[in-house]
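Participant: Got a predicted structure plus its sequence, pasted below:
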Amino acid sequence: MKRIAVIGAQWGDEGKGKVVDFLAENKDIVVRYSGGPNAGHTVVIDGKKYVLHLIPSGILRKGTLCIMGNGMVIDPDALLKEMEDLRSLGVHVDGDNLKISESAHVIMPYHKKLDFLQEKVKGGGKIGTTLKGVGPCYSDKTARLGIRIGDLLDPAILRDKLRLSVAIKNVLIKEFFEEEGFDVNELYETALRWGETLKGYIANTTMMLNKAVRDDKSILYEGAQGTMLDVDHGTYPFVTSSNPTIGGIYTGCGVGFNAVDAVIGVVKAYTTRVGGGAFPTEQDNEIGLYMREKGGEYGATTGRPRRCGWLDLVALRYASMINGMTHIAITKLDVLDGLERIKVCVAYEIDGDVTDEFPLSYSRFERAKPIYREFEGWDRPVKGIKDRRELPVNAMKYLEYIAESTGVKLFMVSTGPSREETIFFD
Ligand code: GDP
Ligand code: IMO
Ligand code: MG
């Protein structure tokens, strides 16, 4: 297990940051392959809290090289602020331990504005995006109108690309949304300054990663978002605009099939979701409130309260299949401490039919009613337990049931936010 993918198995915020930090010890490289500043990965070390948005969580480990892969979308202002915030917490960040792919895309100010305007015009049907400009930036990437990080170092190309892109955006912003447009010269000056500041970080990370694979280095691929937010495999249109799933690693890093040895799905012991979209096991009641308060379920990026509900095994089995998961890491088990009964959704009833297959049609998914299996809660808290032999019998039964019905080996269990509140199953 030298090269490990850590992928969110639900709708994001599964605790990937904690799992990545735990596993990053002694890793040569930690690489983010998709998403952008929409991510919020929380790591707690010695009571100190770090929230990573763009920079891989491996930055907190000395001697680890962190890479922001070509599949990412990067807001340079947000990145520079994140670097400063980390430095003020005593974390070392410079061009030696952080590299940015020259092919990653730049989130421009007009992307953020369009994210906001598009959400506004959707009204009640809005996605509930993080408003970080992620969707419009990926749209430009596939429309071949994007500005890449490497372009920030090439004034002539940058000017040409910006001229075209800004001209098109201004028509949309001014005529359709009836808002103020952008000044291309101002954006050009800003973008040149970004290039100047970031040039020591920009590199051909595709070559670096492939060399690392050839040299048998250890690599950790840090997923952002989650499987159910994947633009192809998630609950479209209530998704993000990238591929957080396994395929995103290959396209978002430029590595081949031999570059991943194990795929760890990170699963919260219950489910949360931020933003819009159907959520069959949602508990919009006192159980959901209990989970939110006990689990601190407020967005690490936007501060929004997260919607909470029971674990959904139909979605989890699907996530396991899509990613070819070899292992699961179950987080936040301690949040279920104190509950008398715990429910798990084992199948859906859709239009009178019972199915354990995840529906690809969003309208069918919206009509899915959960069918639950109930477990008894445990008699004493699991909070802070580090040794599997200390787990209450009922907690072990719950964990084993999840692993068995997913058909994937249980790899680790998290019983608190701190590094050491972790049980490792070998
Ligand atoms: P990510 O986006 O997948 O990295 O997850 P977030 O950081 O957005 O959200 C997970 C939250 O749960 C963070 O506040 C973590 O500090 C916290 N957390 C992680 N693991 C555990 C755990 O086992 N128990 C508890 N109580 N909190 C945890
Ligand atoms: P991490 O990496 C949870 C959600 C947003 C919204 C949808 C689209 O911390 O798990 P976007 O801004 O990407 O266009 O928003 O996706 N979303 C996340 N939800 N965790 C995340 O990241 C998310 N990143 C995006 O709330 O519903
Ligand atoms: Mg998060």
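Facilitator: In hand now; what should we look at? Ligands and ions are numbered 1, 2, ... in the order given.
Participant: Need the nearest residue in space to Arg373, chain neighbours excluded.
Facilitator: Val346 (4.9 Å; C-beta to C-beta, 6 or more residues apart in numbering). Glycine gets a C-beta too; all of them are placed from N, C-alpha and C.
Participant: same question for stretch 377-392, mean pLDDT?
Facilitator: Averaging pLDDT along stretch 377-392 gives 97.
Participant: pLDDT score for Tyr270?
Facilitator: At Tyr270, pLDDT is 98.
Participant: need the contact list for it.
Facilitator: Contact analysis of Tyr270 by C-beta atoms under 8 Å, 6 or more residues apart in numbering lists 291, 295, 308-311, 332, 335-336.
Participant: quick one: contacts for Thr42?
Facilitator: With C-beta under 8 Å, 6+ apart, Thr42 has these contacts: 17-18, 49-52, 300, 417.
Participant: Flag every residue of the stretch 51-200 of the chain that's near ligand 3.
Facilitator: Residues of the stretch 51-200 of the chain lying close to ligand 3 (C-beta under 5 Å from the ion): none.
Participant: Provide the contact partners of the helix or strand where Met396 lies at residue level.
Facilitator: Here Met396, judged by DSSP states H and E, is contained in helix 393-406. Residues outside helix 393-406 that contact it (C-beta under 8 Å, 6+ apart): 265, 267, 269, 311, 313, 316-317, 320, 325, 328, 330, 333, 336, 342, 344, 346, 375-379, 382, 388, 391, 409-410, 413.
Participant: That one near ligand 1 at all?
Facilitator: No - judged by C-beta under 6 Å from any ligand atom, helix 393-406 stays clear of ligand 1, getting no closer than 12.5 Å.
Participant: How far off centre is that helix?
Facilitator: 25 Å (C-alpha atoms, centre = their mean, to the nearest Å).
Participant: could you point out which element follows it?
Facilitator: Past helix 393-406, the next helix or strand by DSSP H and E is strand 409-414.
Participant: now the angle from that next one to helix 393-406?
Facilitator: 140 degrees (axes from the mean of the first three to the mean of the last three C-alpha atoms, to 10 degrees).
Participant: Listing partners with orientation, what would you give for strand 409-414?
Facilitator: Sheet pairing here is set by DSSP bridges, and for strand 409-414 it gives strand 327-331 (parallel), strand 422-424 (antiparallel).
Participant: Pick the most buried one from those.
Facilitator: The highest mean neighbour count among these, using mean count of other C-beta atoms under 10 Å, belongs to strand 327-331: a mean of 25.
Participant: Is there proximity between it and ligand 2?
Facilitator: No - judged by C-beta under 6 Å from any ligand atom, strand 327-331 stays clear of ligand 2, getting no closer than 11.7 Å.
Participant: what does that strand rub up against?
Facilitator: In contact with strand 327-331 (C-beta under 8 Å, 6+ apart) are residues 6, 9, 14-15, 18-19, 262-269, 320, 399, 402-403, 406, 408-414.
Participant: strands paired with the helix or strand following that strand, and their directions?
Facilitator: Downstream of strand 327-331, the first helix or strand assigned by DSSP H and E is strand 341-350. Partners of strand 341-350 in the sheet, by DSSP bridges, are strand 311-312 (parallel), strand 353-355 (antiparallel), strand 369-376 (antiparallel).
Participant: now those strands as TSV including mean neighbour count?
Facilitator: Shown next, in TSV, are those (neighbours: other C-beta atoms under 10 Å):
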stretch	mean neighbour count
strand 311-312	25
strand 353-355	11
strand 369-376	15
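Participant: Out of the ones you listed, which is closest to ligand 2?
Facilitator: Ligand 2 lies closest to strand 311-312 among these, at 15.4 Å (C-beta to the nearest ligand atom).
Participant: quick one, what contacts Leu311?
Facilitator: By C-beta under 8 Å, 6+ apart, Leu311 lies in contact with 267-271, 281, 344-345, 402.
Participant: ok, the residues you listed vs ligand 3, which is closest?
Facilitator: Lys268 (10.8 Å; C-beta to the ion).
Participant: and the closest one, what does it touch?
Facilitator: Lys268 is in contact with 10, 13-15, 311, 330-332, counting by C-beta under 8 Å, 6+ apart.
Participant: and which of the residues you listed is nearest ligand 3?
Facilitator: When those are ranked by distance to ligand 3 (C-beta to the ion), Asp13 comes first, at 4.0 Å.
Participant: Could you say which helix or strand holds the residue lying closest to that closest one once chain neighbours are set aside?
Facilitator: Nearest residue to Asp13, sequence neighbours excluded (C-beta to C-beta, 6+ apart): Thr272, at 5.7 Å. Thr272 belongs to strand 271-273 when assigned by DSSP H and E.
Participant: just to revisit the earlier point, tell me which residues of the helix holding Met396 come out buried.
Facilitator: For helix 393-406, the neighbour count (16 or more other C-beta atoms under 10 Å) marks 394-396, 398-399, 401-403, 405-406 as buried.
Participant: after the lengthiest helix in the chain, next one along is what?
Facilitator: Longest helix of the chain, by residue count under DSSP state H: helix 155-171. Once helix 155-171 ends, the next helix or strand along the chain (criterion: DSSP H and E) is helix 184-198.
Participant: Just confirm yes or no for stretch 305-323 near ligand 1.
Facilitator: No - Stretch 305-323 lies apart from ligand 1 when judged by C-beta under 6 Å from any ligand atom; the minimum separation is 8.5 Å.
Participant: What residues sit buried inside that stretch?
Facilitator: 306-320, 322-323.
Participant: ok, and does that stretch reach over to ligand 3?
Facilitator: No - if you take C-beta under 5 Å from the ion as the test, stretch 305-323 misses ligand 3, and the best it gets is 9.2 Å.
Participant: hang on, the earlier thing: would you mind giving the contacts of Thr42 as CSV with pLDDT, neighbour count and distance to Ile249 added?
Facilitator: Shown next, in CSV, are the contacts of Thr42 (pLDDT from 0 to 100; neighbours: other C-beta atoms under 10 Å; distance: C-beta to C-beta, whole Å):
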residue, pLDDT, neighbour count, distance to Ile249
Gly17, 98, 27, 18
Lys18, 97, 27, 20
Lys49, 96, 12, 28
Tyr50, 97, 19, 24
Val51, 97, 16, 23
Leu52, 98, 28, 18
Ala300, 85, 19, 22
Pro417, 97, 20, 26
